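# Here's my sequence, what's the structure:
(chains A and B)
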There are 2 protein chains.
Amino acid sequence: PGETPDPVRTLVRLCVDRHYISVGEGNAELFRRGVSCSYGPLGLELRRNLLEQWWHSVTRSSAHVFGINTVNISGDTAAGGPEQLRIVESESFQRIFEKQKVSKEQLVQMLQELLLRSPPVRKNLFKGALEQFVPSLELVNGKLPFGLAETGLCFQPSGGSGCSANEVMQTSLVWFCSPRTSSQWLDHWSRQRLKWWRKFALSPSDFSSGDVPEEELEEVVSRGVRIMYNFPWGQEPLETLWIRGDTELLQKSHAVLTVLQCREDRKSVPHVVSVTGNLDRGMMAFLSNSLQQLKKVNGRQRLQQRNVLKLHPTLAPVKVALDISRGATVELRQVCEGLQQELMEAEVSVWPGYLKTLPTSVEHLNAKYDEMGVLFTMMISENTLESGLLKVRSRDTTIKETMHISEIKNFLCRYISAADNI
Amino acid sequence: PGETPDPVRTLVRLCVDRHYISVGEGNAELFRRGVSCSYGPLGLELRRNLLEQWWHSVTRSSAHVFGINTVNISGDTAAGGPEQLRIVESESFQRIFEKQKVSKEQLVQMLQELLLRSPPVRKNLFKGALEQFVPSLELVNGKLPFGLAETGLCFQPSGGSGCSANEVMQTSLVWFCSPRTSSQWLDHWSRQRLKWWRKFALSPSDFSSGDVPEEELEEVVSRGVRIMYNFPWGQEPLETLWIRGDTELLQKSHAVLTVLQCREDRKSVPHVVSVTGNLDRGMMAFLSNSLQQLKKVNGRQRLQQRNVLKLHPTLAPVKVALDISRGATVELRQVCEGLQQELMEAEVSVWPGYLKTLPTSVEHLNAKYDEMGVLFTMMISENTLESGLLKVRSRDTTIKETMHISEIKNFLCRYISAADNI
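This next block holds a predicted model:
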């Protein structure tokens, strides 16, 4: 028996061991805090899948959402404000530091000017979308409602000691609608977003949504909703929705809006509903949510802990592991390579376990693939060469089935698309 | 007749008009220089398609390429060097500026320390991949060759006046191989990459590759190849391949490499071949390459210029435009919405032209869609309601065919996948 180990520690160790995140205490700390860290091959694939799903859910939900891509570095250097993060060229500062003939006051003034000329980096994608409002009107024939979607890196002060910064993969939907419908749209998008998070969850109740208390609302915001995840250490927001009114839009594009109002014969400027998410923290939420720790008794009557990463089939970075049971002959490898090629062409991601040359026990292999969250493990054996049959083990049921090699591709494609449509 | 307009100007104007890039002279200038600018919905989709194709071509070309994701902000603040771009918190500088009781020398020292503590941002993805070399060895059972692939934002000094910076979407493959095979691998990857660029080109001969002259090689580099595109203003590199030897790898991970050598019983450290691309410039190359300017005589015997953006079917951001010919009734709209839904589920991107309420002549509509690079235009009419038949116009042949609405999805999927497999 013994104590149950700390779930966060177990998760982080598993993520490092199984190539979700890279080694290093600093890297693990970034991961725990829900900002971008260095991801290994499995983590990268999980993030790609998650980004793809977010993108589809938002841009395909309606004909009126358009994708955009704005730049990180704002040309508008004045926009920043003092608390802004800026990109500077160290060399330009050094050149001023080395000036001998200037007074302290002159030096400070020169440095201050240089700092203010250095471009700010974005903290979120909201401002970029506001700038695209007017050019996008043509796309929708000047009609409301419509939305602009974007995903991209943003920078945040790390808040910790020193003057460090963190990066976050943000998702953003900025929705423009008539003032009287903004509250309905906030409700609509809150429901949609919560539904999306829960769709991929193993225990959906860990994802919840709730109104932001009025005292926490920023000046321009009239209502807010947060989608939260219940981490082992407490709740943290994954996505935040605000009704921001028309203030910021008016500041950006007043002249054009006046013209627009005349044409549409309306008295009101569109209101803005923003939906901003942190995909790095979202990834951590799904990893945390899908880790199942099962106890089982092994052959020697010892209690063993089994960790299974039950990621949703759509999100799982590796769908299939291909392995060879005993005696890796040239023929068996060729079968594996052929099957891998076929699956990759069908966009099914494959783990080439057959490349390993050191023999591993089946028990050890299953434990490893369960930790990686691999949906199915396929064992190619001498028997496959003769009969075309191979053993397929399911992560979720642990049941082993015998299948013909010609059925594998269709079986997997059907399984994944069925899981996708639930 | 009159003069032929400047091709670059025509291209940039078309890209702005047709929602590839956002309006603004500064934005168009970034685009021309081959760095990230603000992209509209069509530009974003093109970049997504291009990134996806790059990723597949590299990661699916062999079982031994793994995707990774490293962070932009290096924790290693000493790594920078003086020419480095760094992210600073303006506020921390301001606080030092305001100190009254310090001498000029003390002030400079405090600022210098602050600057050196500020994290550098990456100029390329190479260093990140080197750091992942050792953890990745386990993935390949310690066997060479293998590669690490990554795509991501990098920052570069803008080089222009002032202290500005630009961002670029870089692609990176770092390939680890035995020293004696590095030259072969450079040739292999050069051929592969050139083939890839040419696969999507309208006139493939504008893409070329050539050895980098010895005098341009950096210290650690023994050979280099550049993939170039012949822009109207001259050749510019899209992707660069270097043989970098083992120097940088040894600096990163000396201790581990020694252990590795013993186990593998080899005397040599792996050599590194790097393949680095600029996807923003690549996008501009494909746009420039696919713009065809055709002259034709219109109904009133006037010579007209017709611009067609003949983007490769795989890259084209919009595959189909759905339009209504005359009299937009509720029934016709419903047919369009149904068809759009069906196509979007099959991952065929659709332009909802039927949402426009102002009537447009067919000629004008075709001209617009040709400039957008839309592969097919479908006209839904009263006739469709009765017989299920609709008119399908091809961008490339300008021929109009009549098709039954039930065939559309299969026709498009077949067309796109056929183009993909050439």
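
# Relative to residue B:227, how far out is residue A:390?
Noted for residue A:390: a distance of 42 Å to residue B:227, by C-beta to C-beta, to the nearest Å. C-betas here are computed from N, CA, C, even on glycine.

# meant to ask about residue A:270, not that
Per C-beta to C-beta, residue A:270 is found 45 Å from residue B:227.

# Report the mean per-residue pLDDT for stretch A:23-41.
For stretch A:23-41, mean pLDDT is 91.

# My guess is residue A:55 contacts residue A:65. True?
No: Residue A:55 is beyond contact range of residue A:65, at 9.9 Å (criterion: C-beta atoms under 8 Å).

# Quickly list what's touching both of these two.
Listed as contacting both residue A:55 and residue A:65 by C-beta atoms under 8 Å, 6 or more residues apart in numbering or on different chains are residue A:149.

# So for stretch A:302-321, what gets flagged as buried?
A:307-321 (16 or more other C-beta atoms under 10 Å in any protein chain shown).

# low pLDDT regions in the stretch 251-400 of chain A?
The model of the stretch 251-400 of chain A has pLDDT under 70 over residues A:253-268, A:298-299, A:327-328, A:357.

# So which bits of it are right by chain B?
Contact residues, the stretch 251-400 of chain A versus chain B (C-beta under 8 Å from any C-beta of the partner chain): A:337, A:340, A:344, A:352, A:355-358.

# how about the strands in the stretch 301-422 of chain A?
A:303-309, A:320-324, A:350-351, A:376-380, A:389-394, A:400-404 (DSSP state E, counting those that start in this stretch).

# which residues sit against the third one?
Put plainly, it is strand A:350-351. A:318-322, A:339-340, A:343-344, A:369, A:372, A:374.

# Kindly report the same for the first one.
When contacts are defined by C-beta under 8 Å, 6+ apart, strand A:303-309 is touched by residues A:1, A:5, A:10, A:14, A:18, A:287, A:290-298, A:367, A:370-373, A:395.

# Buried members of those into PyMOL, please.
Here is the PyMOL command that selects the buried residues among the contacts of strand A:303-309 (16+ other C-beta under 10 Å):
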select buried, chain A and resi 14+18+287+290+291+367+370+371+372+373+395
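
# In strands only, show me the contacts of strand A:303-309.
Among those, DSSP state E puts A:291-297 in strands.

# in chain A, which residue is closest to the centre?
What sits nearest the mean C-alpha location of chain A, by C-alpha atoms, centre = their mean, is residue A:279, with 3.1 Å.

# okay but that residue is in contact with residue A:50, surely?
Yes: using C-beta under 8 Å, residue A:279 is in contact with residue A:50, at 6.1 Å.

# Going by distance to residue B:117, which of the contacts of strand A:350-351 wins?
residue A:372 (38.0 Å; C-beta to C-beta).

# From chain B, how far off is the residue lying farthest from the centre of chain A?
Distance from the centre of chain A peaks at residue A:101, with 52.0 Å (C-alpha atoms, centre = their mean). Remark: distance between residue A:101 and chain B (C-beta to the nearest C-beta, to the nearest Å) = 11 Å.

# How much space separates that residue from residue A:113?
Distance of residue A:101 to residue A:113, computed by C-beta to C-beta: 18 Å.

# repeat for residue A:125
According to C-beta to C-beta, residue A:125 stands 29 Å off from residue A:113.

# what's the neighbour count on the closest residue to residue A:154 other than its chain neighbours?
With C-beta to C-beta, 6 or more residues apart in numbering or on different chains as the criterion, residue A:154 has its nearest non-adjacent residue at 4.8 Å, and that residue is residue A:170. Residue A:170 has 22 neighbours, counted by other C-beta atoms under 10 Å in any protein chain shown.

# Please export the C-alpha coordinates of the helix or strand where residue A:170 lies as CSV.
Here residue A:170, judged by DSSP states H and E, is contained in strand A:165-177. Extracted in CSV, the C-alpha atoms of strand A:165-177 (Å, rounded to 0.1, in the frame of the first residue of the first chain):
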residue,chain,number,x,y,z
ALA,A,165,8.2,37.6,-19.0
ASN,A,166,6.2,34.6,-20.0
GLU,A,167,4.5,33.6,-23.3
VAL,A,168,1.0,32.2,-23.6
MET,A,169,-0.8,30.7,-26.6
GLN,A,170,-4.0,32.6,-26.6
THR,A,171,-7.2,32.0,-28.4
SER,A,172,-9.5,35.0,-29.2
LEU,A,173,-12.9,35.4,-30.6
VAL,A,174,-14.1,39.0,-30.8
TRP,A,175,-17.8,39.2,-31.5
PHE,A,176,-19.5,42.3,-32.8
CYS,A,177,-23.3,42.6,-32.3
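
# Give me the contacts around the very next helix or strand once past it.
Scanning forward in sequence from strand A:165-177 by DSSP H and E, the next helix or strand is helix A:182-199. With C-beta under 8 Å, 6+ apart as the test, helix A:182-199 has contacts from A:53-54, A:57, A:61, A:145, A:173, A:175, A:177, A:204, A:207-209, A:223, A:225, A:227, A:229, A:238-239, A:241, A:243, A:245, A:271-273, A:275, A:277, A:282, A:285, A:312, A:422.

# Heading C-terminal from helix A:182-199, find the next helix or strand.
Downstream of helix A:182-199, the next assigned helix or strand under DSSP H and E is strand A:207-211.

# For residue A:278, name its beta-bridge partners.
For residue A:278, the beta-bridge partners are residue A:170 (DSSP bridges).

# for it, what are its contacts?
Contacts for residue A:278 (C-beta under 8 Å, 6+ apart) come out as A:34, A:168-171, A:237-239.

# just the buried members of the residues you listed?
Among those, those scoring as buried are A:34, A:168-171, A:237-239 (criterion: 16+ other C-beta under 10 Å).

# nearest to residue B:401, of these?
residue A:171 (40.2 Å).

# Residue A:152 falls within a strand, correct?
Yes: using DSSP: H, G, I helix; E, B strand; the rest coil, the secondary structure at residue A:152 is a strand.

# ok, it - how many residues close by?
19.

# Relative to chain B, how far out is the closest residue in space to it that isn't next to it in sequence?
Nearest residue to residue A:152 in three dimensions, chain neighbours excluded: residue A:125, at 6.0 Å (C-beta to C-beta, 6+ apart). From residue A:125 across to chain B, the span is 12 Å (C-beta to the nearest C-beta).

# how many neighbours does residue A:125 have?
For residue A:125, the count of nearby residues is 26 (other C-beta under 10 Å).

# and it, what does it touch?
Residue A:125 makes contact with A:70, A:150-152, A:154, A:170, A:172, A:174, A:276, according to C-beta under 8 Å, 6+ apart.

# Mind doing that once more with 6 Å?
A:150, A:152, A:170, A:172 (C-beta atoms under 6 Å, 6 or more residues apart in numbering or on different chains).

# Please tell me I have it right and the last one contacts residue A:151.
Same thing as residue A:172. No: taking contacts as C-beta atoms under 6 Å, residue A:172 lies outside contact range of residue A:151: 7.3 Å.

# Show me which of those two is the more surrounded one.
Using other C-beta under 10 Å as the criterion, residue A:172 and residue A:151 rank with residue A:172 on top: 24 against 20.

# Can you tell me the closest non-neighbouring residue to the more buried one?
Nearest residue to residue A:172, sequence neighbours excluded (C-beta to C-beta, 6+ apart): residue A:125, at 3.8 Å.

# And that neighbour, how far from residue B:121?
Taking C-beta to C-beta, one finds residue A:125 at 18 Å from residue B:121.

# that older thread, let's test this: mean pLDDT of the strand holding residue A:170, rounded?
Model confidence over strand A:165-177 averages 94 on the pLDDT scale.

# before we move on, the earlier item: Throw the strands of the stretch 301-422 of chain A into TSV and include distance to residue B:198, thanks.
Listed next are those as TSV, based on distance: least, C-beta to C-beta, whole Å:
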stretch	distance to residue B:198
strand A:303-309	41
strand A:320-324	33
strand A:350-351	28
strand A:376-380	37
strand A:389-394	39
strand A:400-404	40
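
# My impression was that residue A:155 belongs to a strand - is that right?
Yes: judged by three-state DSSP, residue A:155 forms part of a strand.

# Quick check: can you name the pairing partners of the helix or strand hosting residue A:243 and their directions?
For residue A:243, the host element (DSSP H and E) is strand A:234-245. Using DSSP bridges, strand A:234-245 pairs in its sheet with strand A:223-231 (antiparallel), strand A:271-278 (antiparallel).
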